[in-house]
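Asker: Sharing a model that was predicted from the sequence below.
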Amino acid sequence: MAYSFPEEVLEYVFAFLSSDKDRNAVSLVCKSWYEIERWCRRRIFIGNCYAVSPQIVIRRFPEVSAVKIKGKPHFADFNLVPEGWGAYLYPWISAMARSYPWLEEIKLKRMVVTDESLELISKSFKNFKVLVLSSCEGFTTDGLASIAANCRNLRELDLKESEVEDLSGHWLSHFPDNFTSLVSLNMSCLGSEVSFSALERLVSRCPNLKTLRLNRAVPIEKLPSLLRRAPQLVEFGTGAYSAEIRTDIFSNLVEAFSGCKHLKSLSGFWDVVPAYLPAMYNVCSRITSLNLSYATVQSPDLVELISQCPNLKCLWVLDYIEDAGLKALSSYCKDLQELRVFPSDPYGAEPNVSLTEQGLVTVSAGCPKLQSVLYFCRQMSNAALIAIARNRPNLIRFRLCIIEPQAPDYLTLEPLDTGFGAIVEHCKQLRRLSLSGLLTDRVFEYIGTHAKKLEMLSIAFAGDSDLGLHYVLSGCESLRKLEIRDCPFGDKALLANAAKLETMRSLWMSSCSVSYGACKLLGQKMPRLNVEVIDERGPPDSRPETCPVEKLYVYRTVAGPRVDKPDFVWTMDEDAALRLS
Amino acid sequence: MEVGVMKMVNMLSHEAQGKKEKLDLKETELRLGLPGTDGEIMGKNLIMNYNGKRGYQETVDLKLNLSGMDQTDHHKEKNLQKEKTPAKAQVVGWPPVRSFRKNVMAVQKNGSEETTDKAGMGGATFVKVSMDGAPYLRKVDLKMYTSYQELFDALGKMFSSFTIGMIDFMNESKLMDLLNGSEYVPTYEDKDGDWMLVGDVPWKMFVESCKRLRIMKGTEAIGLAPRAMEKCKNRS
């Protein structure tokens, strides 16, 4: 078949495709388009580092400038994945160092990153620009020093909420004196003090600096000096926001903040002395994003601050805000799109603040653009959930955590099935849902019936039987990630819906009732899945086949079984079945 | 002491109620000092959410006059429990709060408890400074300085009418000269209640352990030097 379009034209057209979905679709049209597309794909997203190998990626996409890789399952955030499980970055860097010398961006989430990897990054990629390490671990500030010293064109260094072994603050001083390209620096997760004069000089000589998120060790008195040197800042995170109350500190701060005409996002606010919050008031009218989730400030002070921010789109806050504060939020911030309320005392037996389901209902009523919610509270009712669903059918993400597991509707003592049912029924664009409270198989029937756009579902302490799991696996057409803990789901639903698992990124089940025998069977039946049993009690075949496994992680892959497993992970496949029996 | 033992019994009996963790031996340790003030107990195997406030409640009932503790009511956040019921056994990973956040909140909680006796705001370490012969005391925030030199400079400015002898930490004989002269010498009271010569330990360690400063006349400080050296030797 003769083409009327030369390759170059197609390549030019494909360059306009930024979404992976579109590019994947284009690759499937014909061999020729596959070839053209693979040579011009520059950005790669790998949602599960074990779904593919570095070699396979490099073979298909030879000219990549940006990679984003995710490692451990989400429940690793809550200590459900044992230490040493995997998600090592090094093999990726080692392979990419050889094949992608012009790599510019590496963004990682939940991966184990070593100083060795960081050093290799800093020396292998001459035009390296962006490093984002989100919830990563395994490295020290020495690794950061390598990045600072060697990446001459670095634009972005973002440590998000990584666990860094903080040997000293000296790493920052490794940025050379002629280094001026920094656009974004987030070091908020670090403990050690960096040399303040080095920080000042760095900020002074980087005219494009737009994001600066300091760590706790930078005292409030030093903020004006930094803000004065970077009036172009758009995003700013303070350090510890407290000091003895002194008018000179206060007025310096007011003056410094007023100089920043472009500030849109504020964060930090550890150890807040409320008297210093008003220092920011003159930038509040432009603020669209506020992260006060570490600020132990009481509701009235929070309300005063929030009332100055009419353009607020995103608020992260502790439950000190209380229902009263949320009411104020709903009346002042009509543009609000995202709300996250974190618990100040998650392990306390009694409520320590006056935050209930009412706060969320009020916000759902008053904020017409609200689409993303994360809410920790201690009581919930079906009535409230139904109200929220009716108020906000435009919800996209709804994550509710009622602190007590299996807590019923506190008014009627019934399960919360109908409440969550209303959420999935009304919110037709819902992509992410986290359940909590007392729930029967019923809620899963609602979810399977209505939640057609749902991509990620988190379930804990819910359901009565396999039927619940079956509803979800058979009904949720868009489901990509399913994570379950402490639910009475077993073999039947899993095996009956085995094929579904190939359409998903991953399934996590821990403290459920899936037997070793079923895992083996699943592994045998589905060669394109990795069925991994995580069990710290020892080899699963030392126990009867009917014995439930501790944890199960199933994911589709083209890379075959893992070669870097720790001794508490077993892959269920044909070979395994033979080996272990 | 009796309070301490009662508390142990309570803790142990609560622990027995359906938990998976082994007994934390630290909890059975008999210690002097107010119960529940040991930050160690706040570790990850915590069964109950103990904090200093609980100890406070019990000691007040026994009419131990700890007027300083009244300050804590103002400085502590509302979330301190006045609980009568014990916290339930913790389930791993529930509620789903990231470790990063848990660590930050724990530090903030402990931080606010520690600094209250220094009457400081969270994150600052204010200590009283007295100088022999000066009519009034001052306060400094140790966290504002990064070295002894900076501290001495600041103190020098504060008590500008007096001079403070600079101690040569490396040179024992110079030290003895100073102490024999009429210069002033900075000393501090540490966590154990002992009066120490400023400068023996690394700066950061000093900041952690210093409760108050006293700028003594050299002649009076002379008794401190050997004690300071001994304490250091025991520590290292």
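Answerer: Looks like it came in fine.
Asker: so what's residue 131 up against?
Answerer: I'll assume chain A. Shown here is A:L131, whose contacts under the criterion C-beta atoms under 8 Å, 6 or more residues apart in numbering or on different chains are A:105-107, A:121, A:147, A:151, A:154, A:156-158. The C-beta positions use only the backbone N, C-alpha and C, and glycine is treated the same way.
Asker: my bad, the chain I had in mind was chain B
Answerer: Here B:M131 is in contact with B:159, B:162, B:184, B:214-215 (C-beta under 8 Å, 6+ apart).
Asker: Just the buried residues out of these, in ChimeraX syntax.
Answerer: With 16 or more other C-beta atoms under 10 Å in any protein chain shown as the burial test, the buried ones among the contacts of B:M131 are selected in ChimeraX as follows:
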select /B:159,162,184,214,215
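Asker: Need the contacts of B:M131 in CSV (columns: distance to chain A and pLDDT).
Answerer: Compiled in CSV, the contacts of B:M131 are given as follows (distance: C-beta to the nearest C-beta, whole Å; pLDDT from 0 to 100):
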residue, distance to chain A, pLDDT
B:F159, 19, 74
B:F162, 24, 50
B:Y184, 25, 74
B:R214, 21, 87
B:I215, 21, 85
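Asker: can you list the weak-confidence ranges in the chain?
Answerer: All of this refers to chain A. For chain A, the stretches with pLDDT under 70 are A:1-4, A:574-581.
Asker: I was thinking of chain B, sorry if that wasn't clear
Answerer: Using pLDDT under 70, the flagged stretches of chain B are B:1-89, B:109-124, B:160-183, B:219, B:221-236.
Asker: at 90 what do you get?
Answerer: Residue ranges of chain B with pLDDT under 90: B:1-92, B:99-236.
Asker: Tell me the helix or strand right after the strand or helix carrying A:L185.
Answerer: Counting by DSSP states H and E, the element that carries A:L185 is strand A:184-186. Next helix or strand after strand A:184-186 toward the C-terminus (DSSP H and E): helix A:196-205.
Asker: Leaving out sequence neighbours, find the closest residue to residue 220.
Answerer: Unless you meant another one, I'm taking chain A. With sequence-adjacent residues excluded and distances taken as C-beta to C-beta, 6 or more residues apart in numbering or on different chains, A:I220 is closest to A:A243, at 4.9 Å.
Asker: my bad, the chain I had in mind was chain B
Answerer: Using C-beta to C-beta, 6+ apart, the closest residue to B:E220 is B:D132 (7.2 Å).
Asker: Against B:L213, how distant is that neighbour?
Answerer: Counting by C-beta to C-beta, to the nearest Å, the separation of B:D132 from B:L213 is 12 Å.
Asker: Then A:S372?
Answerer: In this structure, A:S372 and B:L213 are 51 Å apart, going by C-beta to C-beta.
Asker: Also A:R340?
Answerer: From A:R340 over to B:L213 (counting by C-beta to C-beta), the distance is 43 Å.
Asker: Looking at the two, which is more packed in?
Answerer: In terms of neighbours (other C-beta atoms under 10 Å in any protein chain shown), B:L213 is the more surrounded of A:R340 and B:L213; the figures are 23 against 18.
Asker: Which residue is the nearest non-sequential neighbour of the more buried one?
Answerer: Setting aside the residues directly before and after it, B:L213 is nearest to B:V129 in space (C-beta to C-beta, 6+ apart), at 4.4 Å.
Asker: Phi first, then psi, for that neighbour.
Answerer: Note on B:V129: backbone dihedrals following degrees, to the nearest 10 are phi -120, psi 120.
Asker: Can you report how many residues lie near it?
Answerer: The tally of other residues near B:V129 (other C-beta under 10 Å) stands at 21.
Asker: thought it was touching B:L155?
Answerer: Yes - shown here, B:V129 and B:L155 form a contact pair, counting by C-beta atoms under 8 Å, at 6.6 Å.
Asker: Tell me the residues on the stretch 351-500 of chain A that lie near chain B, please.
Answerer: A:352-353, A:376, A:401, A:403, A:405, A:460, A:485-486 (C-beta under 8 Å from any C-beta of the partner chain).
Asker: ok, of these, which one's closest to chain B?
Answerer: Chain B has its nearest neighbour among these in A:N352, at 3.8 Å by C-beta to the nearest C-beta.
Asker: beta partners of the residue lying closest to B:M158 once chain neighbours are set aside?
Answerer: Leaving out its chain neighbours, the residue that sits closest to B:M158 by C-beta to C-beta, 6+ apart is B:R138, at 5.2 Å. Under the criterion DSSP bridges, B:R138 forms beta bridges with B:V129.
Asker: Can you tell me how far B:R138 is from chain A?
Answerer: Applying C-beta to the nearest C-beta, to the nearest Å, the value for B:R138 to chain A is 12 Å.
Asker: Name all residues that make contact with that residue.
Answerer: B:128-129, B:158-159.
Asker: Same check on A:R505?
Answerer: A:R505 makes contacts with A:47-48, A:51, A:480-481, A:555-556, as judged by C-beta under 8 Å, 6+ apart.
Asker: tell me which of the residues you listed is nearest to chain B?
Answerer: Proximity of those to chain B, judged by C-beta to the nearest C-beta, is greatest for A:K481, which lies at 14.9 Å.
Asker: Now do the closest residue to A:P561 other than its chain neighbours against chain B, distance only.
Answerer: Closest residue in space to A:P561, ignoring its immediate chain neighbours: A:T571 at 4.2 Å, by C-beta to C-beta, 6+ apart. With distances taken as C-beta to the nearest C-beta, A:T571 is found 24 Å from chain B.
Asker: so who does A:T571 touch?
Answerer: Applying C-beta under 8 Å, 6+ apart, one finds that A:T571 lies in contact with A:523, A:530-532, A:561-562, A:565.
Asker: what are the bridge partners for it, then?
Answerer: With DSSP bridges as the criterion, A:T571 is bridged to A:E532.
Asker: Could you check how far it is from A:G560?
Answerer: Taken as C-beta to C-beta, the span from A:T571 to A:G560 is 9 Å.
Asker: what sits in contact with each of the two?
Answerer: Residues touching both A:T571 and A:G560 by C-beta under 8 Å, 6+ apart: A:N530.
Asker: Just confirm A:W508 is within a strand.
Answerer: Yes - looking at A:W508 with DSSP: H, G, I helix; E, B strand; the rest coil, it is inside a strand.
Asker: ok, it - contacts?
Answerer: Contacts here follow C-beta under 8 Å, 6+ apart; on that basis A:W508 touches A:73-75, A:482-485, A:551-553.
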